[in-house]
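# Sequence and computational prediction follow.
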Amino acid sequence: MRVPAQHHVRSQRELARELARGGRLVLKKEYGASGFVQNYVAGNANDGNQGTYWESTNNAFPQWLQVDLGASVSSNQVVLKLPTADWGARTQTITVQGSTDGTNFTTVVPSAGYQFNPTANNTVTIDYSAVTTRFLRLGITGNTGWPAGQISEFEVYGPSTGDVTPPSAPANLAYTQPGNGQIALTWNASTDNVGVTGYDVYANNVLRTSVTGTSYTDTQPDTATVTYYVRAHDAAGNQSGNSNTVTRNGNGGGGTNLAVGKPITASSSVFTFVATNANDNDVNTYWEGAGGSYPNTLTVQLGSNVDTSQVVVKLNPASIWGPRTQTIEVLGREQSASGFTSLVAARQYGFDPATG
């Protein structure tokens with residue numbers, strides 16, 4: 001039986017201890033990329049071996065490589081390496097970007113050319129003012145040595161001084177519905193060695209807002225099912241772990257899952273992980289597309305034209321399924337149409353058993 005590999009994610013406190021030592025922050029973290037060729041996968045950029053490397057899809061700039069640090073922490077340096085044996089000098093054009101949610105990125109270091117030279121161990125160091133972020137991404141738009149992005153080690157380091165202790169996680173998150181379309185959230189205050197400065201509210205794993213108090217009223221359609229959790233942060237940018245989660249189930253036109261048992265097909269599948277596992281109403285079974293053949297597609301035929309307003313995508317909630325991010329686009333077509341149109345543009349969605 002095939003089971004997914006477990007991801008090793010260290011705690012906020014362990015990350016804080018590394019930061020206090022000015023340590024490397026990316027050991028055993030989850031890596032992702034816009035694409036890769038053959039066996040030059042993103043994980044090669046974090047295996048501690050300078051001789052292995054990630055290489056993006058060829059002749060398809062721009063490309064990117066990113067790391068999920070597991071929590072929002074402070075960093076101020078990126079070290080990039082290429083193999084040294086038989087690798088000539090080359091210049092790669094790189095932008096460093098950061099994100100707290102893995103979807104909305106801001107520029108940490110603007111685009112610039114960086115030379116990798118064997119005489120300097122094919123190593124480039126990029127320093128920047130300390131930023132607090134969970135995701136760091138390298139955007140690569142050029143390479144004088146090969147028509148693709150190439151990185152053998154992507155290392156991230158944090159500052160060695162300052163407040164590195166995160167607040168405690170907020171407790172007792174709860175909600176009420178004071179009116180149509182309103183979801184009123186409340187939670188208990190966190191504690192911190194210096195002081196809590198605010199709270200980040202997440203809805204369906206996406207940052208919704210930041211507030212200074214211990215309550216927030218969200219506006220959502222009554223049909224929407226929304227899961228919330230809250231994180232606390234301090235002035236140094238240290239972020240707590242997640243609070244408990246709460247889910248407001250939408251009425252969804254009666255809450256009927258229109259896809260259960262309907263004809264369903266996929267662009268590909270592996271082993272026994274076939275398309276029908278995705279609409280059998282059992283989260284313990286799953287569909288898996290063939291690796292390295294993106295885009296994968298999964299299509300359900302509802303039988304006739306129906307009004308829909310929501311798609312819910314689930315993975316097995318067992319802890320053996322570690323956190324992961326999938327890039328998903330939702331498309332649909334009217335029964336007499338010949339082609340599909342985009343209903344929700346492609347974007348990244350985080351799946352994490354800790355947050356549902």
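Received, thanks. Residues are numbered from 1 along each chain as shown.
# neighbours around G158, how many?
Other residues near G158 number 24, with proximity taken as other CB atoms under 10 Å. (Each C-beta comes from the backbone N, C-alpha and C, glycine too.)
# If you could redo that for G261, that was the one I meant.
The local packing count at G261 equals 11, with neighbours defined by other CB under 10 Å.
# In contact with the nearest residue to it once chain neighbours are set aside, which residues?
Nearest-residue entry for G261: N279, 6.6 Å, with adjacent residues in sequence omitted and distances by CB to CB, 6 or more residues apart in numbering. Neighbour list for N279: A259, V260, G261, K262, I264, V300 [criterion: CB atoms under 8 Å, 6 or more residues apart in numbering].
# wouldn't the fourth one be in contact with V306 here?
No - because the distance of 10.7 Å does not satisfy CB atoms under 8 Å, K262 is recorded as not touching V306.
# neighbour count winner among the two?
A count of neighbours by other CB under 10 Å puts K262 above the other of K262 and V306, at 13 against 10.
# surely D200 meets L207?
Yes - taking CB under 8 Å as the definition, D200 is a contact partner of L207 at 5.9 Å.
# Show me whatever sits in contact with both of these two.
Common neighbours of D200 and L207, counting by CB under 8 Å, 6+ apart, are T100.
# Please say which of the two ends up with more neighbours.
For D200 versus L207, the count of surrounding residues by other CB under 10 Å is larger for D200: 21 against 16.
# so how far is A232 from the more buried one?
In this structure, D200 and A232 are separated by 8 Å, where distance is defined by CB to CB, to the nearest Å.
# any shared contact partners between those two?
By the contact definition CB under 8 Å, 6+ apart, D200 and A232 are jointly contacted by Q239.
# show me where the chain has helices.
12-20, 252-255 (DSSP state H).
# which one of these has the lowest average pLDDT?
For these, the stretch scoring lowest in mean pLDDT is helix 12-20; its value is a mean of 42.
# biggest strand in the chain, by residue count?
Across the chain, the strand with the greatest residue count (assigned by DSSP state E) is strand 123-143.
# so what secondary structure elements neighbour it?
strand 63-81, strand 90-99, strand 106-116 (3 or more CB pairs under 8 Å, 6 or more residues apart in numbering; DSSP states H and E).
# strand partners of that strand, parallel vs antiparallel please.
Note on strand 123-143: by DSSP bridges, its sheet partners are strand 63-81 (antiparallel), strand 90-99 (antiparallel).
# So which of these is nearest A290?
Nearest to A290 among these is strand 63-81; the distance by CB to CB comes to 21.4 Å.
# now could you export just the CA positions of the closest one as CSV?
Output in CSV follows, covering the C-alpha atoms of strand 63-81 (Å, rounded to 0.1, in the frame of the first residue of the first chain):
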residue,chain,number,x,y,z
GLN,A,63,10.1,30.2,-13.0
TRP,A,64,10.2,30.0,-9.2
LEU,A,65,11.4,27.9,-6.3
GLN,A,66,10.0,28.4,-2.8
VAL,A,67,10.3,27.1,0.8
ASP,A,68,7.6,26.9,3.5
LEU,A,69,9.3,27.6,6.8
GLY,A,70,6.3,26.1,8.7
ALA,A,71,5.6,29.4,10.6
SER,A,72,6.2,33.1,10.2
VAL,A,73,9.7,33.8,11.4
SER,A,74,12.3,36.5,10.9
SER,A,75,15.0,36.0,8.2
ASN,A,76,17.7,38.3,6.8
GLN,A,77,19.8,36.2,4.5
VAL,A,78,19.5,33.7,1.6
VAL,A,79,22.4,31.6,0.5
LEU,A,80,22.2,29.9,-2.9
LYS,A,81,24.5,27.3,-4.3
